[in-house]
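Chemist: need the 3D shape of this:
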Amino acid sequence: MNRRNFLRGLALATTGALALGADITFIEPDRPVLTRLEIPLRRLPPAFDGFTIAQLSDFHYDEYFSVHPIKRAVEMVNSLNADLVVLTGDFVSEPVSKAFGNARKAANAAGPCAEILRGIHSNNDLIAVLGNHDYATDHTRVTELLQAHDIRVLINHSFSFERSGSRLWIAGADDNPDSGDLRATLRGVPENEATVILIHEPDNAEYTRHFPVDLQISGHSHGGQVVFPLIGPLYLPENGRRFPWGLHQLDALTLYTNAGVGTVGLPFRLNCPPEVTLYTLRCATSSNSKNSAG
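Modeler: Numbering: from 1, shown residues only. Here you go, the predicted model:
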């Protein structure tokens with residue numbers, strides 16, 4: 001190879017590397033995709049056939065990077081006219097150092113995040129659960145800021161919707177719940193009635209599968225955030241390694257793990273764009289599960 005060809009090849013390689021760097025930093029992280037799912041639930045009453053739930057997760061608010069996909073995701077959700085919008089945790093990011101009040105300062109980022117999320121149009125209250133980063137900062141402060149912006153936070157609590165004398169239960173568990181937390185969360189929920197539970201960390205489905213729950217909606221893993229072809233995710237967090245992304249069936253329990261909106265650590269995404277999920281609940285006899293992204 002002569003000097004001219006070497007320099008030409010080096011220039012092409014450098015251009016390609018710069019283009020890839022721009023894509024994983026500025027383009028893919030800012031372009032949420034919509035995943036539509038039809039979820040048949042064995043115990044869903046006919047009155048709730050077609051009930052829709054939009055999910056956003058893992059915001060990790062900062063004013064430079066995640067603010068842009070959060071705003072785009074809100075616009076996307078507002079185009080869906082969902083019956084219910086749920087937010088499955090990690091509104092803020094745990095600081096590298098918790099000294100000198102950094103944890104409290106990090107928790108305060110839930111305020112501007114909630115200000116954007118309050119722009120969501122929903123037929124019912126915005127429902128949230130907290131994530132591990134929210135707890136690693138100051139979960140009480142995060143909860144206060146969310147509720148101050150009319151976002152209802154469920155911590156080991158459940159409530160129901162009623163239509164034509166039938167009920168659909170929505171439950172929200174503490175971050176990384178154990179069996180005791182789940183018993184508290186589901187206290188008062190009749191065992192024969194359809195239940196959707198929000199749990200930030202998806203691998204807790206191994207606990208949930210032993211309870212009368214039909215659908216678990218989770219986030220946490222970011223789908224891997226950086227996913228290499230043939231290799232897979234560069235990194236997966238604890239409690240997000242068994243079910244890092246997508247639809248899973250565990251006995252009678254259906255689980256879906258959303259890839260999240262923001263980023264943590266470096267603001268990169270590769271082969272794993274931000275995600276908005278729209279669930280359409282179906283009576284088990286009326287539809288088979290369908291999955292599409294666009």
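Chemist: shouldn't Val142 be in contact with Gly111?
Modeler: No: between Val142 and Gly111 there is no contact under Cβ atoms under 8 Å: 9.3 Å. The C-beta positions use only the backbone N, C-alpha and C, and glycine is treated the same way.
Chemist: compare those two (neighbour count), which wins?
Modeler: Val142 (29 against 18; other Cβ atoms under 10 Å).
Chemist: residue ranges with poor pLDDT in the stretch 101-250 of the chain?
Modeler: Within the stretch 101-250 of the chain, the segments meeting pLDDT under 70 span 101.
Chemist: change it to 90
Modeler: Residues of the stretch 101-250 of the chain that meet the criterion pLDDT under 90 lie in 101-104, 122, 176, 179.
Chemist: quick one, helices of it?
Modeler: Ranges of helices in the stretch 101-250 of the chain, per DSSP state H, counting those that start in this stretch, are 102-107, 110-117, 132-137, 139-148, 179-185, 205-208.
Chemist: now distance to Val276 too, for those helices, in a markdown table please.
Modeler: Output for the helices of the stretch 101-250 of the chain, formatted as a markdown table (distance: least, Cβ to Cβ, whole Å):
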| stretch | distance to Val276 |
| --- | --- |
| helix 102-107 | 25 |
| helix 110-117 | 13 |
| helix 132-137 | 20 |
| helix 139-148 | 19 |
| helix 179-185 | 25 |
| helix 205-208 | 21 |
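Chemist: please name whichever of those is nearest to Glu191.
Modeler: Across those, Glu191 has its closest neighbour in helix 179-185 (12.1 Å, Cβ to Cβ).
Chemist: run through the neighbouring helices and strands of that closest one.
Modeler: helix 205-208 (3 or more Cβ pairs under 8 Å, 6 or more residues apart in numbering; DSSP states H and E).
Chemist: now the helix it packs on: buried residues?
Modeler: Within helix 205-208, the residues that count as buried by 16 or more other Cβ atoms under 10 Å are Ala205, Tyr207, Thr208.
Chemist: enumerate every residue touching the residue most central in space within the chain.
Modeler: Centroid-nearest residue in the chain, with Cα atoms, centre = their mean: Ser57, separated by 2.6 Å. Counting by Cβ atoms under 8 Å, 6 or more residues apart in numbering, Ser57 touches 87-90, 131, 200, 218-220, 258, 260-261, 275.
Chemist: next, it: phi, psi?
Modeler: Per-residue torsions, Ser57: phi -150, psi 160 (degrees, to the nearest 10).
Chemist: give the burial count for the residue nearest to it when sequence neighbours are not counted, as a bare number.
Modeler: Leaving out its chain neighbours, the residue that sits closest to Ser57 by Cβ to Cβ, 6 or more residues apart in numbering is Gly219, at 2.9 Å. A count of neighbours around Gly219, defined by other Cβ under 10 Å, yields 32.
Chemist: residues contacting the nearest residue to Arg43 once chain neighbours are set aside?
Modeler: Excluding its sequence neighbours, the residue lying closest to Arg43 (Cβ to Cβ, 6+ apart) is Ala194, at 4.3 Å. Residues in contact with Ala194 (Cβ under 8 Å, 6+ apart) are Leu41, Arg43, Leu44, Pro45, Phe48, Arg167, Leu168, Trp169, Asp214.
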